[in-house]
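1. when you get a sec, could you give me coordinates for this:
(one chain, ligands or ions: 1)
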Amino acid sequence: SMNTCPWIGFSLDFEQSMCAYMELEAFADESGEYRRDSLEHNNWRTFPDCFDDYCVYTNDNFHGKGLSLITTASNHHRVKELQIPQTALELGYEKTRIAEIPDKGRGLIATKTIRKGERILAAKPALLVHRDAFRQVAMQDMFYLMDLAVSNLPKARRESYMGQAGSMGSHKITDILFTNSFQVTLGGHDGFHYANFPEVSVLNHDCRPNMAFFIDGNLTHHTHAVRDISPGEELTISYVDALQIRSERQERTRNSLGFSCTCSQCTLPKEELDASDDRIRTISRIERELSNVNSKEPSPAMIEEYIALYKTEGLDHNIAGAYTLAALNYNFLGKATLAKKCARLSAEAGRLENGPDAGDVREMTVLAEDPESHWSWKAKADRL
Ligand SMILES: C[S@@+](CC[C@H](N)C(=O)[O-])C[C@H]1O[C@@H](n2cnc3c(N)ncnc32)[C@H](O)[C@@H]1O
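-> Numbers count the residues shown, from 1 in each chain. Now for the predicted structure:
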């Protein structure tokens, strides 16, 4: 209807018949090419239909595949300024195949042995949507922007977007985003976005996954094995916080992600479940002590227990931070050999969890080389 066409008045060339809730097909002609006018600049097309500060921007060549944004002008500028290396990594998938997994829909299965540390995927985003757009723009208007953003992607990209599973029903393109998105920040106080990586979306969740992921500064999503993986095993990542007990994890997947988690850790017999929850609570308690510079509690035994609990719990995908805390606390206590070992393990895990450029990876590499020159050396022992 007329009053759902807020662009009338500032749009130059759109007909009223183009208004509101258009089907996906409405944007593309037979050849899949775009028929809407737009402003060309530096490979980016900008569409004049905006709501509040949020507009649609599309780049057909981003990472050679195509990317649409629903965001503000300043965030579009940040993406435009990214320096994408010519040698950007391509997608993996070589040792895997997609298969039906009982109770989970499709998933990715290893076809060959995969070693800890191996890269599985390097995937590019198809869509970024500013987090606040969903709060500030009326839902029907958001649906309109989502349709516009996806329909303007190059045909192959649009098809891989539409091939992803939804979980909540309602507006399909929006459902797909919420079912398959990662949070990324482009920096600043206003940089938070939901990012969709179609090739990653085949990965199911596991509370004790065998892969870790990070998203680098060029908006590439990297997945690496954190354990050795056997042929036939499913490849998984975690969608939830590592240190949540089962009831919290279940609530999170059910309420925010739209499914009831059936992973092996969530379906253990009651006794084992209770033991697992107890370990999580103990880890959290020790972590508070190790993070508190004024605590006199930390001892080598406590640090050792902390790492052992991570191992027993199977939290290999989220262990870099634990090794960092262990390395620092060993160094506070003047235990050079143990500090060195934990710092090395932290850097090794951090490369898979946060990427080789992460601050912690650099810091721990430095500590591992020469613990006694690091600021943390006996730093606390002196004070206590
Ligand atoms: C990102 S997709 C993963 C791929 C999806 N299975 C497919 O068929 O395309 C997320 C969806 O997979 C299913 N899923 C993923 N992990 C699961 C788990 N641990 N337990 C149950 N369902 C899961 C849920 O339906 C969820 O909405």
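
2. and the longest strand for this protein?
-> As assigned by DSSP state E, the longest strand anywhere in the chain is strand 44-51.

3. helices or strands up against that one?
-> Where contact means 3 or more Cβ pairs under 8 Å, 6 or more residues apart in numbering; DSSP states H and E, strand 44-51 is packed against strand 39-41, strand 54-59, helix 73-80, helix 139-151. Any C-beta I mention is one placed from the backbone N, CA and C, and that applies to glycine too.

4. direction included, what does it pair against?
-> The pairing partners recorded for strand 44-51 under DSSP bridges are strand 39-41 (antiparallel), strand 54-59 (antiparallel).

5. worst mean pLDDT among these?
-> When those are compared on mean pLDDT, strand 39-41 scores lowest, with a mean of 47.

6. any idea what the residue of the chain at minimum distance from the ligand is bridged to?
-> The chain approaches the ligand most closely through G105 (2.7 Å), counting by Cβ to the nearest ligand atom. Each beta-bridge partner of G105 is listed here: I101, as defined by DSSP bridges.

7. coming back round to it: got the helices and strands packed on strand 44-51 as JSON lines, with distance to the ligand columns?
-> Formatted as JSON lines, these follow (distance: least, Cβ to the nearest ligand atom, whole Å):
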{"stretch": "strand 39-41", "distance to the ligand": "33"}
{"stretch": "strand 54-59", "distance to the ligand": "24"}
{"stretch": "helix 73-80", "distance to the ligand": "23"}
{"stretch": "helix 139-151", "distance to the ligand": "17"}
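
8. pick the most buried one from those.
-> Mean neighbour counts were taken over the helices and strands packed on strand 44-51 using mean count of other Cβ atoms under 10 Å, and the top value, a mean of 24, falls to strand 54-59.

9. by how many degrees do that strand and helix 73-80 diverge?
-> Angle, strand 54-59 to helix 73-80, by axes from the mean of the first three to the mean of the last three Cα atoms, to 10 degrees: 20 degrees.

10. what sits up against strand 54-59?
-> For strand 54-59, the surrounding residues in contact (Cβ atoms under 8 Å, 6 or more residues apart in numbering) are 38, 43-50, 66-73, 76, 79, 130, 133, 136-137, 145, 148-149, 152-153.

11. let me see the ranges of the helices in the stretch 151-300 of the chain.
-> Using DSSP state H, counting those that start in this stretch, the helices of the stretch 151-300 of the chain run over 155-162, 172-179, 246-257, 270-291, 300-313.

12. which one, of these, ends up nearest to Y194?
-> Comparison of these against Y194 by Cβ to Cβ identifies helix 172-179 as nearest, at 6.0 Å.

13. which parts of the stretch 1-150 of the chain sit against the ligand?
-> D103, K104, G105, R106, G107 (Cβ under 6 Å from any ligand atom).

14. can you say which of these are buried?
-> K104, G107 (16 or more other Cβ atoms under 10 Å).

15. which one of the residues of the stretch 1-150 of the chain next to the ligand sits closest to K172?
-> Of all those, the one with the least separation from K172 (Cβ to Cβ) is G105, at 15.5 Å.

16. for stretch 97-113, buried residues please.
-> For stretch 97-113, the neighbour count (16+ other Cβ under 10 Å) marks K104, G107, L108, I109, A110 as buried.

17. please apply the same query to stretch 228-241.
-> For stretch 228-241, by 16+ other Cβ under 10 Å, it's I229, E234, L235, T236, I237, S238, Y239, V240.

18. can you flag the weakest of the helices and strands packed on strand 44-51 by average pLDDT?
-> Minimum mean pLDDT among these: strand 39-41, a mean of 47.

19. spell out which residues of the stretch 201-350 of the chain are next to the ligand.
-> By Cβ under 6 Å from any ligand atom, the part of the stretch 201-350 of the chain that sits against the ligand consists of S201, V202, N204, H205, D206, G258, F259, C261, T262, C263.

20. the residue nearest to the first one when sequence neighbours are not counted: neighbour count?
-> Read that as S201. Once flanking residues are discounted, S201 sits nearest to N180: 4.0 Å by Cβ to Cβ, 6 or more residues apart in numbering. Per other Cβ atoms under 10 Å, the neighbour tally for N180 reads 23.

21. same question for S373.
-> 9.

22. quick check: pLDDT value at it.
-> With respect to pLDDT, S373 has a value of 97.

23. got it, and the one 4 residues further on?
-> Model confidence at W377, given as pLDDT, is 96.

24. mind listing what the closest residue to it other than its chain neighbours touches?
-> Closest residue to W377 apart from its sequence neighbours, by Cβ to Cβ, 6+ apart: N331 at 5.5 Å. Taking Cβ under 8 Å, 6+ apart, we find N331 in contact with A339, L367, P371, H374, S376, W377, K378, A379.

25. show the buried residues in these.
-> Judged by 16+ other Cβ under 10 Å, buried ones among those: A339, L367, P371, H374, S376, W377.

26. kind regards, and thank you for your time.
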